[in-house]
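Asker: Here's a sequence, model it:
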Amino acid sequence: MKKLLFGVVAILVVVGGLFGTQQYLATKTGSDASSDKVLNLYNWGDYLDPDLMTKFTEETGYQISYETFDSNEAMYTKIKQGGTSYDLAVPSDYMIQKMKRENLLLPLDHSKLTGLKNYDPRFMNLSFDRGNKYSLPYFWGTLGIIYNDKIVDGKDVQHWDDLWSPKFRNQILLVDSARDALGVALITQHKSVNTKSVADLAAAQAKLEALMPNVKAIIADEIKMYMAQNEAGLAVTYSGEAAEAIDNNPHLHYVVPSEGSNLWFDNIVMPKTAKHKEAAYAFLNFMSEPKNAAQNAEYIGYATPNAKAKALLPKAVRNDPQFYPSNETIKNLQVYDDLGQKWTERYNDAFLEFKMSKR
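Answerer: Numbers count the residues shown, from 1 in each chain. Predicted coordinates:
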């Protein structure tokens, strides 16, 4: 995801010769990325169950050449530069909007998609891709608060404004993300997380700077490890990161503030340079099958947008409001828009100034 901050866990195989790229293959045997029986997939690290890759090859005959990226920006840059013909990629919401605008994506032929009816209508036809002309949902999640009940009373951390309480001095781990940190401050001031108001952004920066005495560290993927090890009382992080930490520490809990937060999506798209379109559609249909999507959701730990797949998940998972929030909560969540270069730089500058204020 946009939200997958953990490192690449999958084993990367250095492919010699002319290819000179890092990738690992889903099958037991190697595959030639130029072969007609291959799918070149560009995805986040460890973001697809390896057993499903093997199953896909067994069912379709297409071998998966899997290459990874660690940020939307890295993925965007490589696709824009060309030179590698990925058949499918998995960007996040705001990046899909950017890639559409820059003509980097192919429209999807819905007549070739067999599983559209399986998806939850709430996660289709969203602002970043109306009509799902260019993308299919893959995973979704939220930004929220993870807390340790050995250190923090849960009733004290139900809302974003609670983070500013003096009782949390030097207790908060804050995710290292301009949009997310400033988004939290904007929400507490009843503003859009996509604002392009100089005054709104300045007010959010000032509000965020007032939080600094409570901030223990501003970090990325280390959050889940530190929280699992009882190193802090609470943190602002993503639902999938929280799920992994909770698996390793029963004293951890995750809250999505009811007043609003970020709702993010990772969707599958077809880059304009795709060469193996039949393989791409085969994969899209394979991953739309409820049993496959459910298996992938159990392996990854993020929420599936496939309604029929969700019904196959263990009851304790599909009914957990920490990771499948109520409709009332979802109604207050906001999806990030692509702000464009000027405003992206302004958000980044404001966040950098905030980080520099820590003494």
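
Asker: use CA for all of it now, contacts and neighbours both
Answerer: Fine.

Asker: Report the buried residues of the lengthiest helix in the chain.
Answerer: For the chain, the longest helix by residue count, based on DSSP state H, is helix 340-356. By 16 or more other Cα atoms under 10 Å, the buried positions in helix 340-356 come out as Trp343, Arg346, Tyr347, Ala350, Phe351, Phe354, Lys355.

Asker: Pick out the most distant pair among these.
Answerer: Using Cα to Cα, these span at most 18.4 Å, a distance reached by Trp343 and Lys355.

Asker: Show me where this protein dips below the pLDDT cut-off.
Answerer: The chain contains residues with pLDDT under 70 at 1-35, 358-359.

Asker: Longest strand in it, please.
Answerer: Looking across the chain with DSSP state E, the single longest strand is strand 135-148.

Asker: list the helices and strands it packs on?
Answerer: For strand 135-148, the elements it packs on are strand 234-238, helix 239-247, strand 252-255, strand 261-269, judged by 3 or more Cα pairs under 8 Å, 6 or more residues apart in numbering; DSSP states H and E.

Asker: hmm, back to that, rebuild the buried residues of helix 340-356 as a markdown table, extending it with distance to Ala293.
Answerer: Output for these, formatted as a markdown table (distance: Cα to Cα, whole Å):
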| residue | distance to Ala293 |
| --- | --- |
| Trp343 | 36 |
| Arg346 | 38 |
| Tyr347 | 35 |
| Ala350 | 39 |
| Phe351 | 36 |
| Phe354 | 40 |
| Lys355 | 39 |
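
Asker: neighbours around Asp51, how many?
Answerer: Residues within reach of Asp51, counting by other Cα atoms under 10 Å, total 13.

Asker: Next one: it from Thr304, what distance?
Answerer: 18 Å (Cα to Cα, to the nearest Å).

Asker: Would you map the helices across this structure?
Answerer: According to DSSP H, the helices that the chain contains are 50-60, 72-81, 93-101, 178-188, 198-209, 222-228, 239-247, 277-288, 290-300, 307-310, 315-318, 327-331, 340-356.

Asker: Just name whatever secondary elements the last one is in contact with.
Answerer: What it means is helix 340-356. With contacts taken as 3+ Cα pairs under 8 Å, 6+ apart, helix 340-356 sits against helix 178-188, helix 198-209.

Asker: any chance of the helices of the chain in CSV, plus distance to Phe123?
Answerer: Listed next are the helices of the chain as CSV, based on distance: least, Cα to Cα, whole Å:
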stretch, distance to Phe123
helix 50-60, 23
helix 72-81, 20
helix 93-101, 11
helix 178-188, 21
helix 198-209, 28
helix 222-228, 27
helix 239-247, 17
helix 277-288, 14
helix 290-300, 15
helix 307-310, 10
helix 315-318, 16
helix 327-331, 11
helix 340-356, 24
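
Asker: Out of the ones you listed, which gets nearest to Lys112?
Answerer: Closest to Lys112 of the helices of the chain is helix 277-288 (Cα to Cα; 6.8 Å).

Asker: by contact count, what packs against that closest one?
Answerer: Applying 3+ Cα pairs under 8 Å, 6+ apart, we find helix 277-288 packed against strand 38-44, helix 50-60.

Asker: Direction included, what does the shortest one pair up with?
Answerer: Read it as strand 38-44. strand 63-69 (parallel), strand 88-89 (parallel) (DSSP bridges).

Asker: Many thanks, have a good one.
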